[in-house]
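Chemist: model the following, please.
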Amino acid sequence: MMLSNLSVPLLGMVDTAVMGHLDHTYYIGAVAIGALIFSFVYWSFGFLRMGTTGLVAQAIGAKDHHEADAILLRGCVIALGLAIALLLLQPVITWVSFSVINASSEVEHHARRYVDIRIWSAPATLVTYVIVGWFLGRKNARVPLYIMLTVNIVNIVLDLIFVVGLGMTIDGVAWASVIADYSGLGLAAYLTWKLLKHDGYVLNTTRILNRHALSRMFSVNHAIFIRTLCLVFAFAFFTAKGAESGDTLLAVNALLLNFQTLMAYVLDSFAHAAEALVGHDIGEQNKTSLDNTVKAIMLWSLIFASLFSLAYWLAGSYMIAAMSDIPLIRQQASEYLPWLILLPLISVWSFAYDGIFIGATRTRAMRDMMLVSTFLVFIPAWYAFQFLGNHGLWLALTLFLASRGLTLGYIWHRYTVNNTLLPGSQ
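Modeler: Numbering: from 1, shown residues only. Now for the predicted structure:
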């Protein structure tokens, strides 16, 4: 799972590096804004992956394989419906996005082009979320690895062909992403059909449309949806405030966030493992195994977070130089590098607890703690530390991630002390 997750931020770093070696800083800014918009749009529907994993893991733990397969098909139907809605609402999404984000005319021009192209990947992206979640819930991390490697290898190769080989700019990066997403969906659909055929699954629409099962799925997923909206809002706010300070600072923050994203995706591999393992333990109602799983996830997450902090401390300046050859961006990025060295040790707990709470399907508590961290910590901190400029923005982000870990840890401690985790229903 770590290899699968690692391929995603590496792709983002390739996109940034390809744009970073062009002549103008606004290319990096345009990719940052375009990626931000689709982070908000697509990550908002991350419940299609996360909710599927937790529900499938609990069904497998309870030895109900038919229900696990029904969850997959329910999720795919929902994903396709949402994708069609996104395609129809594309003009509205574009208008709202650029009404909120205050970018320069050059950045906005290229970012709009990116959005117009990238929106066509919506069906592939959302259905793939469901399929990946289904495989993870079955404790099968190999197939998600194959899917993500396919998407990202195709994307990277096409980035180089379109931008370096054919001289395209933003449109090359956007088309590379669209083609890669459908390549991943093709592989995902084939491997899913192959496994369902092997299991002898027979389509049962009555089971798929079961009112109680649909109600539980929506209960779990709507809480994840709100939680994800808050998370994406925080990073969108961060990027938007950087954009208000000019193209250079926007590019600097975008470049540095690639380092945070790299770390986040690696640590998310442990969160994904937690989703499957915790869900399976709760499905089996095995408290001893559940406690051991949580301790192991915490330990390994901390070890890898420490390694990231060490790597950024020792090699951060070299990584910045590899990402851009524009002297001003290199200089200013180095000024904010200490935040990147600190963040892995601060944010590790929020990533680990996300996976644990999703596996336990305790998504309402996760949602509530995200609301607290966003509106009672992040926004007030940004307001209070505006006088520090961009450093104040990084401080607010750091406090936000710290709050998420502390509040989720407190709630989980209450669950364990009160012994209210099993059987895992909300």
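Chemist: how much space is there between the closest residue to Ala381 other than its chain neighbours and Gly389?
Modeler: Closest residue to Ala381 apart from its sequence neighbours, by Cβ to Cβ, 6 or more residues apart in numbering: Ala396 at 4.0 Å. Heads up, the C-betas are built off the backbone N, CA and C, glycines and all. Remark: distance between Ala396 and Gly389 (Cβ to Cβ, to the nearest Å) = 12 Å.
Chemist: which of those two has more neighbours?
Modeler: Neighbours were counted for Ala396 and for Gly389 using other Cβ atoms under 10 Å; Ala396 has more, 24 against 11.
Chemist: and the more buried one, what does it touch?
Modeler: 238, 378-379, 381-382, 385 (Cβ atoms under 8 Å, 6 or more residues apart in numbering).
Chemist: again, only this time at 10 Å
Modeler: For Ala396, the contact set (Cβ atoms under 10 Å, 6 or more residues apart in numbering) comprises 234, 237-238, 241, 377-386, 388.
Chemist: still on that earlier bit, secondary structure element for the residue nearest to Ala381, which one?
Modeler: Assigned by DSSP states H and E, Ala396 belongs to helix 390-418.
Chemist: return the set of buried residues in that helix.
Modeler: Buried residues in helix 390-418, defined by neighbour count with 16 or more other Cβ atoms under 10 Å: 390, 392-409, 411-412, 415.
Chemist: likewise for stretch 65-83?
Modeler: 67-76, 78-79, 82-83.
Chemist: what does stretch 188-203 give?
Modeler: Under 16+ other Cβ under 10 Å, the buried positions of stretch 188-203 are 188, 191-192, 195, 201.
Chemist: and what of stretch 151-164?
Modeler: For stretch 151-164, by 16+ other Cβ under 10 Å, it's 151-152, 154-156, 158-159, 162-163.
Chemist: distance between the ends of stretch 361-381?
Modeler: 30 Å (Cα to Cα, to the nearest Å).
Chemist: apologies, that question was intended for stretch 128-144.
Modeler: First-to-last distance for stretch 128-144 - Cα to Cα - comes to 9 Å.
Chemist: run the chain-centre distance for it.
Modeler: 15 Å (Cα atoms, centre = their mean, to the nearest Å).
Chemist: ditto for stretch 292-299
Modeler: The answer for stretch 292-299 is 22 Å, by Cα atoms, centre = their mean.
Chemist: for that stretch, C-alpha coordinates in PDB please.
Modeler: Presented in PDB, the C-alpha positions along stretch 292-299 are these (Å, rounded to 0.1, in the frame of the first residue of the first chain):
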ATOM      1  CA  ASN A 292      -2.800  -4.400  19.100                       C
ATOM      2  CA  THR A 293      -3.600  -3.100  15.600                       C
ATOM      3  CA  VAL A 294      -4.000   0.500  16.900                       C
ATOM      4  CA  LYS A 295      -0.700   0.300  18.800                       C
ATOM      5  CA  ALA A 296       1.200  -1.100  15.700                       C
ATOM      6  CA  ILE A 297      -0.300   1.600  13.400                       C
ATOM      7  CA  MET A 298       0.700   4.400  15.800                       C
ATOM      8  CA  LEU A 299       4.300   3.000  16.200                       C
END
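Chemist: so which bits of that stretch are buried?
Modeler: 293-294, 297-298.
Chemist: quick one: average confidence on that stretch?
Modeler: Stretch 292-299 comes out with an average pLDDT of 93.
Chemist: now swap in stretch 142-156 and tell me
Modeler: Mean predicted confidence for stretch 142-156 is 87.
Chemist: re the thing from before, nearest to Thr206 among the buried residues of stretch 151-164?
Modeler: Val151 (34.4 Å; Cβ to Cβ).
Chemist: isn't the closest one right up against Val157?
Modeler: No: at 11.3 Å, Val151 does not count as touching Val157 under the criterion of Cβ atoms under 10 Å.
Chemist: shared neighbours, the two?
Modeler: Ala180.
Chemist: which element is the closest residue to Val163 other than its chain neighbours on?
Modeler: Counting by Cβ to Cβ, 6+ apart, Gly172 is the residue found nearest to Val163 once chain neighbours are left out, at 4.5 Å. Assessed by DSSP H and E, Gly172 sits inside helix 170-199.
Chemist: just checking, what packs against that helix?
Modeler: Packed against helix 170-199, as judged by 3 or more Cβ pairs under 10 Å, 6 or more residues apart in numbering; DSSP states H and E, are the following elements: helix 2-20, helix 25-43, helix 65-88, helix 105-118, helix 122-137, helix 142-159.
Chemist: closest to Phe308 out of the ones you listed?
Modeler: Among the helices and strands packed on helix 170-199, helix 2-20 sits nearest to Phe308 (Cβ to Cβ), with 11.5 Å.
Chemist: let me see the mean pLDDT of the closest one.
Modeler: pLDDT averaged over helix 2-20 gives 53.
Chemist: what do you get for stretch 375-395?
Modeler: 94.
Chemist: what residues does that stretch touch?
Modeler: So stretch 375-395 is contacted by 230, 233-234, 237-239, 241-242, 245, 249, 252-253, 256, 332, 335-336, 338-340, 342-343, 372-373, 396-404, 406-407 (Cβ under 10 Å, 6+ apart).
Chemist: endpoint to endpoint, that stretch covers what distance?
Modeler: 15 Å.
Chemist: could you find the closest non-adjacent residue to the spatially most central residue of the chain?
Modeler: Closest to where the C-alpha atoms of the chain average out (Cα atoms, centre = their mean) is Trp43, at 5.9 Å. Residue nearest to Trp43 in three dimensions, not counting chain neighbours: Val232, with 4.9 Å by Cβ to Cβ, 6+ apart.
Chemist: what residues are up against the one you found?
Modeler: So Val232 contacts 36, 39-44, 46 (Cβ under 10 Å, 6+ apart).
Chemist: give the rounded mean pLDDT of whichever strand or helix holds it.
Modeler: Following DSSP H and E, one finds Val232 within helix 211-244. The pLDDT scores in helix 211-244 average 81.
Chemist: which element follows it toward the C-terminus?
Modeler: helix 247-284.
Chemist: show the average pLDDT along that following helix.
Modeler: pLDDT averaged over helix 247-284 gives 83.
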